[in-house]
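Undergrad: return atomic coordinates for the entry below.
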Amino acid sequence: MTDSPLYWHIHHDILAEPLTEPIENRIRFIKNNKPYHEVETRLRLMKPVRGKLPELDKAGAEFVKARAEWDKARAERDNASAEWDKACAERDKAYAEWNKACAEWDNASAEWDKACAEWDNASAEWDKAGAEFVKAYAESNKAGAEWDKACVERDNASAEWNMACAERDKASAEWDKACAEWGKAYAEFVKVRAERDKARAKRDKACAEFVKASAEWDKARADPAVLSLHAKECPNCPWNGRTILP
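TA: This next block holds a predicted model:
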């Protein structure tokens, strides 16, 4: 015997089914939600099955069990899907940060390349001015002034180069950090996707069991013994094979 007793007409279009919640809940629902002219009929005909229907009772127990497993698996699938959506969002966020860090690194690298070129040019000018200075030192102070100017320009270019190096190193550190975050987020994404797929497979299996139990339940309800007992326990019932309502 199942822990969920059989009742006649819990729902207007089902002859007999297991009780899956306190009968008081169903009574309250009917009173609060069904049309007024249906309430008396629904409550009068909703009653426990007194006689023995072992096949229907067994099928009903399997049906209730399979339905509970299916509901549980569906809830687990929904939770896993929510976690997967969250992991996708984290992955996308980390990827965006990685792309941003890449762009910043590219900009810093371009500035560094530019500073290198400027430093090379200034260094070449410094070398040229040095040669001119050595050559013309005895002749004129003009070359010395040019050499001093080139020294200043080279120092400025060197400072720019050092600054660009620092910016590039900073961007590189940000890029490394973004790479690490992306790797972590992707690993979590892969893990959660596997859990979601596992939950989905469990849900599909439970659904198949539920469909099978439903078929057995429908078969058991069609047993002539059920109709015979119904006629005995619910005399003058308006059940027409489909509903108790007009």
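Undergrad: for the rest of this, base every contact and every neighbour count on C-alpha atoms.
TA: OK.
Undergrad: Trp147: what's it in contact with?
TA: Trp126, Ala129, Gly130, Phe133 (Cα atoms under 8 Å, 6 or more residues apart in numbering).
Undergrad: host element of the residue sitting nearest the centre point of the chain?
TA: Most central in the chain under Cα atoms, centre = their mean is Asp85, positioned 2.1 Å from the mean C-alpha point. Here Asp85, judged by DSSP states H and E, is contained in helix 54-136.
Undergrad: just after that helix, pick out the following helix or strand.
TA: By DSSP H and E, the next helix or strand past helix 54-136 is helix 142-221.
Undergrad: now that following helix, how far from the centre of its chain.
TA: 18 Å (Cα atoms, centre = their mean, to the nearest Å).
Undergrad: immediately after that helix, which helix or strand?
TA: Next element after helix 142-221 (DSSP H and E): helix 224-233.
Undergrad: just the contacts of Trp147 now: which is nearest Arg200?
TA: Arg200 has its nearest neighbour among those in Trp126, at 71.7 Å by Cα to Cα.
Undergrad: show me what contacts that closest one?
TA: Here Trp126 is in contact with Trp147, Ala150, Cys151, Arg154 (criterion: Cα under 8 Å, 6+ apart).
Undergrad: so which of those residues is the closest to Pro18?
TA: Arg154 (91.8 Å).
Undergrad: show me the shaky parts of the protein.
TA: 1-4, 137-141 (pLDDT under 70).
Undergrad: sorry, back to before: any quick ChimeraX command for the buried ones out of the contacts of Trp126?
TA: To isolate the buried ones among the contacts of Trp126 in ChimeraX, judged by 16 or more other Cα atoms under 10 Å, type:
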select :147,150,151,154
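Undergrad: for Arg91, state which of the contacts of Trp126 is nearest.
TA: Arg154 (45.8 Å).
Undergrad: so that closest one sits against Ser123, correct?
TA: Yes. Using Cα atoms under 8 Å, Arg154 is in contact with Ser123, at 5.8 Å.
Undergrad: distance of Arg168 from Ala101?
TA: Distance, Arg168 to Ala101, by Cα to Cα, to the nearest Å: 11 Å.
Undergrad: got it, and Glu153?
TA: 32 Å.
Undergrad: related to what we said a few turns ago, next one: the residue nearest to the centre of the chain from Arg196, what distance?
TA: From Asp85 to Arg196 the distance is 10 Å (Cα to Cα).
Undergrad: same question for Leu45.
TA: Distance from Leu45 to Arg196, by Cα to Cα: 44 Å.
Undergrad: quick revisit: quick one: distance of the helix holding Asp85 to the chain centre.
TA: Counting by Cα atoms, centre = their mean, helix 54-136 is centred 17 Å from the centre of its parent chain.
Undergrad: now that helix against helix 224-233, angle please.
TA: 110 degrees (axes from the mean of the first three to the mean of the last three Cα atoms, to 10 degrees).
Undergrad: tell me the SS of Ile14?
TA: Secondary structure for Ile14, judged by DSSP: H, G, I helix; E, B strand; the rest coil, is coil.
Undergrad: show me the residues around it that make contact.
TA: Shown in contact with Ile14 (Cα under 8 Å, 6+ apart): Trp8, Arg242, Thr243.
Undergrad: again, only this time at 10 Å
TA: Listed by Cα atoms under 10 Å, 6 or more residues apart in numbering, the contact partners of Ile14 are Tyr7, Trp8, Arg221, Trp239, Gly241, Arg242, Thr243, Ile244.
Undergrad: show me just the buried residues among those.
TA: Looks like the contacts of Ile14 have Tyr7, Trp8, Arg221, Trp239, Ile244 buried, using 16+ other Cα under 10 Å.
Undergrad: does the fourth one sit in a helix, a strand or a coil?
TA: Using three-state DSSP, the secondary structure recorded for Trp239 is coil.
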